[in-house]
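Engineer: Okay, predicted coordinates and the sequence, questions at the end:
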Amino acid sequence: MREFTKIMKALSDPNRVKMIKLLQRRVLCVCEITEALGLAQSTASKHLKILDEAGLITYSKEGLWVNYQLSDGAKSPYVATLLGNLRHWLEGDPEVTALLARLPEIRREDICCG
């Protein structure tokens with residue numbers, strides 16, 4: 001029960017759901033996420049930590065970059081099921097559609113300090 005409620009709480013914030021929708025498209029660094037959502041880096045980092053602790057995302061370091069990606073769901077059937085369903089959910093939502101339309105223009109090379 002504890003794992004399930006932790007995952008559901010992680011998905012209870014609209015910005016965290018938007019982060020999941022962005023990460024469905026590609027691996028992103030925190031600078032790209034803050035640019036897409038218009039959040040302060042500290043706020044985005046707090047949201048990313050909650051998603052990571054719930055097992056919904058993972059990260060890896062590549063030189064100076066910290067790359068965030070969706071979890072493969074192998075450690076939790078709840079994560080696997082929710083991420084699988086979220087691939088289809090909200091695709092027609094106006095906020096999500098607008099956010100995803102901007103994503104190709106957001107490039108770490110243009111906005112990040114590295």
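Structural biologist: Received it, and whenever you're ready, just let me know what you need. Numbering: from 1, shown residues only.
Engineer: going forward, measure contacts and count neighbours with C-alpha atoms only.
Structural biologist: OK.
Engineer: pull the longest helix from the chain.
Structural biologist: helix 41-53 (DSSP state H).
Engineer: Show me which positions of that helix end up buried.
Structural biologist: 44-45, 47-48, 50-52 (16 or more other Cα atoms under 10 Å).
Engineer: Same check on stretch 99-114?
Structural biologist: Quick answer for stretch 99-114 (16+ other Cα under 10 Å): 99-100, 103, 108.
Engineer: if you look at the residues you listed, which of them are in helices?
Structural biologist: Those of the buried residues of stretch 99-114 lying in helices (DSSP H): 99-100, 108.
Engineer: want to throw those into JSON lines with distance to Pro77?
Structural biologist: Converted to JSON lines, those look like this (distance: Cα to Cα, whole Å):
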{"residue": "Leu99", "distance to Pro77": "28"}
{"residue": "Leu100", "distance to Pro77": "27"}
{"residue": "Arg108", "distance to Pro77": "33"}
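Engineer: just to revisit the earlier point, and of the buried residues of helix 41-53, the nearest to Leu11?
Structural biologist: Proximity of the buried residues of helix 41-53 to Leu11 (Cα to Cα) peaks at Leu51, which lies at 7.9 Å.
Engineer: Go ahead and confirm that closest one touches Ile57.
Structural biologist: Yes. Between Leu51 and Ile57 there is a contact under Cα atoms under 8 Å: 5.9 Å.
Engineer: now Cys112, nearest residue through space, not along the chain?
Structural biologist: Closest residue in space to Cys112, ignoring its immediate chain neighbours: Cys31 at 5.7 Å, by Cα to Cα, 6 or more residues apart in numbering.
Engineer: Now do the SS call for that neighbour.
Structural biologist: helix (DSSP: H, G, I helix; E, B strand; the rest coil).
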